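S.K.: sequence and predicted structure below; questions after.
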There are 2 protein chains.
Amino acid sequence: MKDGPVIAQVASLIGDPARANMLEALMDGRALTAAELAAIAGVTAQTASSHLARLETARLLTARKQGRHRYFALSGTDVAEALEALMGLAQRTGATRVRTGPRDPALRMARICYDHLAGERGIELLEGLKSRGLVAGDAGLGLTPQGRETFTRFGIDLEAIGATRRPLCRACLDWSERRSHLAGALGAALLTAMIDRGWVKREAGRVLTFTRPGLASFRETFGTET
Amino acid sequence: MKDGPVIAQVASLIGDPARANMLEALMDGRALTAAELAAIAGVTAQTASSHLARLETARLLTARKQGRHRYFALSGTDVAEALEALMGLAQRTGATRVRTGPRDPALRMARICYDHLAGERGIELLEGLKSRGLVAGDAGLGLTPQGRETFTRFGIDLEAIGATRRPLCRACLDWSERRSHLAGALGAALLTAMIDRGWVKREAGRVLTFTRPGLASFRETFGTET
DNA sequence: ATCATGCTTCGGCTACGGTCGAACTATGAA
DNA sequence: TTCATAGTTCGACCGTAGCCGAAGCATGAT
């Protein structure tokens, strides 16, 4: 408690199954109500309330009141990144008991990692961007001049998203594929643009599904050139 | 236990104060014996043994036997990165009660983040490399042609360290400064090179101290140009 | 006004996990 | 051999923290 190394407090906070379920559910970037989170965690409202209060005072979550609901969301991308890092460890850890539930394949295929595309498609995207010379760098990433032009033509306002304090490009290690996908402001903007165009839809939870024509357009625009 | 989301298991493992102390002590990349770790964690040998066994089966630590000692070390850079990510959260969390002990300023100044330079000097290094055009990219990083030449002249075998599976350049978010410093294979190679040249010495724990002439050379070679 | 819903606070129960003492194994030294 | 050190295993103790029932506030609907 008092001598606890800083790291232990936040880790034990995440370490409780109920809280971990809540955090995992919030990783798609949306805000959920206390009742929804209680159901997801499988506990009663009272218990959930206590958990949420602790997560809030620890600044892992932010709450915003609306009518008689309270919506909770992760307080920033750094929280989401830390969670993904832990997932990476959990993966190669005792990964023996990975739940191979029915929705797992879909998750592995395409999912939301906080606010950008992850999973097989996420890696396909980053590989494609590299092979087309739109981004460069092995582990670190930077935008090339061609990249600037292409993304602008695609309808992304690079000036606007570049003005935020958030890094433009960022490589995020994918826990299911063990390779990097595109994160950062650009990754987020690309995902919303693809959703706007109807290429991909968000399902329940963190699952994303591509429409047939959407996948075709995706590959034509950003896929690895054959 | 059984329904526990993958992430909770590893997080609760890190969440225990004794284990967190051990992991934090191992973040400098060295291997320590079970007895040393027990002392650091402030528990008896029996208790430490149980903790270490659990960390090992979870693949967070690897053990190697030598004589009648067992040396434990973090099992990889991904573990160290996850720990740093958690530190970042802990920092802005209830950081009110940060222990402002005497060795804290030194830690903030220069320390080892697993195997590369972090803290104020770490950020100074990355800023300098960027301003000299040796590495490029805002959040992501890549080596420029000038960078290749300079580092080779500095005595770093880029071919050798580039052959490993580990990314060459990587931006690692600094928990004390909230900005990025240089990680990856290049970051590690640079630190060992600077230690070899006597620019910097490793103290107890994770603290690094620059020698007077060492700091001058450091700034002349890699510092931000005035 | 009255009721209903969403969420929080309080109090007590329970159990899981961290802790240590003591006994055991293995390696090395005298 | 005998002793010493490093580490592990076993068993039992105990505290903390998660859990829920019940009651208390809000806000919104009837």
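M.R.: On my side now, so go ahead.
S.K.: how about the contacts made by residue A:73?
M.R.: By C-beta atoms under 8 Å, 6 or more residues apart in numbering or on different chains, the residues touching residue A:73 are A:26, A:29-32, A:61-62, A:64. Using the backbone N, CA and C atoms, a C-beta is placed for each residue, glycine as well.
S.K.: residue ranges of the helices in chain A, please?
M.R.: A:6-15, A:17-25, A:34-41, A:45-57, A:77-92, A:104-109, A:120-131, A:145-153, A:158-163, A:184-196, A:212-222 (DSSP state H).
S.K.: on contacts alone, who are the packing partners of the lowest-mean-pLDDT helix or strand in chain A?
M.R.: Here the helix or strand of chain A ranked lowest by mean pLDDT, DSSP states H and E is strand A:170-173, holding a mean of 70. If you count contacts as 3 or more C-beta pairs under 8 Å, 6 or more residues apart in numbering or on different chains; DSSP states H and E, strand A:170-173 packs onto helix A:77-92, strand A:180-183, helix A:184-196.
S.K.: which among these is found nearest to residue A:214?
M.R.: helix A:184-196 (7.4 Å; C-beta to C-beta).
S.K.: which strands or helices does the closest one pack on?
M.R.: strand A:116-118, helix A:158-163, strand A:170-173, strand A:200-202.
S.K.: identify each buried residue in the last one, please.
M.R.: I take that to be strand A:200-202. Within strand A:200-202, the residues scored as buried using 16 or more other C-beta atoms under 10 Å in any protein chain shown are A:200, A:202.
S.K.: residue A:42: how many residues sit nearby?
M.R.: By other C-beta atoms under 10 Å in any protein chain shown, 12 other residues sit near residue A:42.
S.K.: break chain A into its domains for me.
M.R.: Following automatic domain parsing, chain A resolves into domains at A:6-75, A:100-222.
S.K.: would you turn the ones you listed into a markdown table with distance to DNA strand C?
M.R.: Below are these laid out as a markdown table (distance: least, C-beta to the nearest atom of the strand, whole Å):
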| stretch | distance to DNA strand C |
| --- | --- |
| domain A:6-75 | 3 |
| domain A:100-222 | 19 |
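S.K.: ok, of those, where does mean pLDDT dip lowest?
M.R.: Per-stretch mean pLDDT for these is lowest at domain A:100-222 (a mean of 81).
S.K.: from the chain's centre, how far out does it sit?
M.R.: 11 Å (C-alpha atoms, centre = their mean, to the nearest Å).
S.K.: also stretch A:6-26?
M.R.: Worked out by C-alpha atoms, centre = their mean, stretch A:6-26 lies 17 Å from the chain centre.
S.K.: dig out what the residue sitting nearest the centre point of chain A forms beta bridges with.
M.R.: Here the mean C-alpha position of chain A is nearest to the C-alpha of residue A:113 (C-alpha atoms, centre = their mean), at a distance of 1.5 Å. Beta bridges link residue A:113 to residue A:116 when assigned by DSSP bridges.
S.K.: hmm, residue A:150 and residue A:186 touching each other?
M.R.: No - with contact defined as C-beta atoms under 8 Å, residue A:186 does not count as touching residue A:150 (11.5 Å).
S.K.: which of these two has more neighbours?
M.R.: Counted by other C-beta under 10 Å, residue A:186 and residue A:150 do not tie: residue A:186 has more neighbours, with 27 against 18.
S.K.: quick one: which of the domains of chain A is nearest DNA strand D?
M.R.: domain A:6-75 (3.7 Å; C-beta to the nearest atom of the strand).
S.K.: endpoints of the closest one, how far apart?
M.R.: 19 Å (C-alpha to C-alpha, to the nearest Å).
S.K.: do that domain and DNA strand D come into contact?
M.R.: Yes - judged by C-beta under 7 Å from any atom of the strand, domain A:6-75 comes into contact with DNA strand D at A:12, A:16-18, A:43-44, A:46-47, A:50-51, A:67-68.
S.K.: biggest separation within those residues, which pair?
M.R.: Spanning the widest gap among the residues of domain A:6-75 next to DNA strand D are A:12 and A:67, at 33.4 Å by C-beta to C-beta.
S.K.: between those two, which one's more packed in?
M.R.: residue A:12 (19 against 6).
S.K.: thought that one was touching residue B:12?
M.R.: Yes - Residue A:12 lies in contact with residue B:12 (C-beta under 8 Å); the separation is 6.4 Å.
S.K.: got the contact list for the closest residue to residue A:26 other than its chain neighbours?
M.R.: Spatial nearest neighbour of residue A:26, chain neighbours left out: residue A:74 (5.1 Å); criterion: C-beta to C-beta, 6 or more residues apart in numbering or on different chains. Shown in contact with residue A:74 (C-beta under 8 Å, 6+ apart): A:23, A:26-27, A:29, A:60-62, A:80, A:114.
S.K.: of those residues, buried ones?
M.R.: Using 16+ other C-beta under 10 Å, the buried ones in the contacts of residue A:74 are A:23, A:26-27, A:29, A:60-61, A:80, A:114.
S.K.: related to what we said a few turns ago, any chance of the helices of chain A in JSON lines, with distance to residue B:202 too?
M.R.: Below are the helices of chain A laid out as JSON lines (distance: least, C-beta to C-beta, whole Å):
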{"stretch": "helix A:6-15", "distance to residue B:202": "21"}
{"stretch": "helix A:17-25", "distance to residue B:202": "36"}
{"stretch": "helix A:34-41", "distance to residue B:202": "44"}
{"stretch": "helix A:45-57", "distance to residue B:202": "37"}
{"stretch": "helix A:77-92", "distance to residue B:202": "26"}
{"stretch": "helix A:104-109", "distance to residue B:202": "42"}
{"stretch": "helix A:120-131", "distance to residue B:202": "36"}
{"stretch": "helix A:145-153", "distance to residue B:202": "41"}
{"stretch": "helix A:158-163", "distance to residue B:202": "39"}
{"stretch": "helix A:184-196", "distance to residue B:202": "33"}
{"stretch": "helix A:212-222", "distance to residue B:202": "45"}
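S.K.: for residue B:39, which of those is the nearest?
M.R.: helix A:6-15 (17.5 Å).
S.K.: what angle sits between the closest one and helix B:17-25?
M.R.: 120 degrees (axes from the mean of the first three to the mean of the last three C-alpha atoms, to 10 degrees).
S.K.: does helix A:6-15 reach chain B?
M.R.: Yes - under the criterion of C-beta under 8 Å from any C-beta of the partner chain, chain B is reached by helix A:6-15 at A:6-15.
S.K.: and what of stretch A:199-215?
M.R.: No - Stretch A:199-215 does not reach chain B (C-beta under 8 Å from any C-beta); its nearest approach is 12.3 Å.
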